[in-house]
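>>> take this sequence and fold it.
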Amino acid sequence: MDKALFVGMGGQRNAMKELEILSNNLANVNTPGFRADYETTKSFYQKQEGLETRVYPQLGKTYSDFKQGPVLSTGRDLDVAIFGKGMFAVQSNTGQEGYTRAGNFEVSADGFLTTARGEVVIGDGGVIKIPESERIEIGKDGTISVRPLGEKDMIAVAKLKVIMPEYSNMEKQQDGLFYPKDGKKYQSDLNAKVASGSLEGSNVNPIDTLVKLIDLSRRYEIHSNVIKNLSEDAVGANKLLDMKS
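Got it, this is the predicted structure:
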């Protein structure tokens with residue numbers, strides 16, 4: 001009976017982990033370029049003398065959904081969206097090259113092109129620095145052009161590094177950026193196309209996520225009832241043993 005308690009406890013533990021992931025998805029429903037995460041589960045069969053006596057639930061790996069989110073027109077020069085496959089290259093806070101779909105860029109106080117979270121955007125020639133200018137434009141091929149202060153003509157200063165990764169090789173880390181599982185460093189794809197003045201939203205489906213949260217709460221309740229019933233059975237069994245003694 002005490003071993004059976006681990007079945008319910010394992011179910012509760014997994015439900016809490018899934019709740020954490022789904023809650024994070026829901027919290028990022030309005031985060032540009034966010035990719036929803038999900039947890040895989042599998043059954044672990046406990047065998048004893050050749051017989052399957054218990055089945056424990058086990059968590060598998062967390063994976064991200066790379067389905068494209070809605071692309072909306074913003075009219076903002078530094079908002080950039082990728083249609084179809086592709087990711088922007090940025091420099092993480094640890095100095096590593098990471099990848100993201102979020103294209104809501106900004107120019108920092110020291111002139112670097114950054115994400116809204118502060119990661120420096122990487123171009124074909126390294127990190128991108130924008131000179132003081134009156135206007136900034138980003139072309140369909142990712143070329144960044146500016147009109148310097150006091151000048152009449154636009155000049156190209158950098159080009160966004162847009163990669164075409166194998167999504168199965170990409171893994172989201174705690175900083176929210178994606179990194180290749182095999183440590184591979186991707187090169188810029190010359191055929192990549194972007195749309196300035198547009199922004200891709202999160203691909204989280206809020207209604208679907210809420211339904212899953214409701215289902216998850218019911219599963220948690222079922223596991224709680226299993227533990228409660230087993231505890232009550234244990235108390236009853238102990239009383240019977242006390243009567244016999």
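>>> which SS class is Leu19?
Using DSSP: H, G, I helix; E, B strand; the rest coil, the three-state assignment for Leu19 comes out as helix.
>>> residues near it, how many?
Leu19: 17 surrounding residues under other CB atoms under 10 Å. All C-beta atoms are positioned from the backbone trio N, CA, C, and that covers glycine.
>>> one more: Gln68?
Number of residues near Gln68 (other CB under 10 Å) recorded here: 16.
>>> contacts only, for it.
Residues counted as contacts of Gln68 (CB atoms under 8 Å, 6 or more residues apart in numbering) are Phe83, Gly84, Glu200, Asn203.
>>> hmm, Gln12 is touching Tyr220, no?
Yes - distance between Gln12 and Tyr220: 6.1 Å, which falls inside the contact criterion (CB atoms under 8 Å).
>>> report the residue ranges of every domain in the chain.
Per the record, the chain has its domains at 2-66+204-244, 71-200, by automatic domain parsing.
>>> poorly predicted segments of this protein, please.
Within the chain, the set of residues satisfying pLDDT under 70 comprises 1-11, 41-60, 223, 227, 229-245.
>>> can you pull up the most central residue in it?
For the chain, the residue whose C-alpha lies nearest the mean C-alpha position (CA atoms, centre = their mean) is Arg35; its distance is 4.4 Å.
>>> hang on, that one packs against Thr62?
No - taking contact to mean CB under 8 Å, the distance of 11.4 Å between Arg35 and Thr62 leaves them out of contact.
>>> what do the two both touch?
Residues touching both Arg35 and Thr62 (CB under 8 Å, 6+ apart) are Lys172.
>>> quick check: Leu160 touching Lys140?
No - contact criterion CB under 8 Å: Leu160 and Lys140 do not qualify, at 10.9 Å.
>>> of those two, give the one with the bigger neighbour count.
Counting neighbours by other CB under 10 Å for Leu160 and for Lys140 shows that Leu160 has the greater number, 25 against 10.
>>> ok, now how distant is the nearest residue to the more buried one once chain neighbours are set aside from Asn169?
In this structure, Leu160 finds its nearest non-sequential neighbour in Gly142, 3.6 Å apart by CB to CB, 6 or more residues apart in numbering. Taking CB to CB, to the nearest Å as the measure, Gly142 falls 22 Å from Asn169.
>>> neighbour count winner among these two?
Residue environment comparison for Gly142 versus Asn169 gives the larger neighbour count to Gly142, 24 against 14, counting by other CB under 10 Å.
>>> how about the contacts made by that one?
When the contact criterion is CB under 8 Å, 6+ apart, the partners of Gly142 are Val80, Lys159, Leu160, Lys161, Val162, Ala192, Val194.
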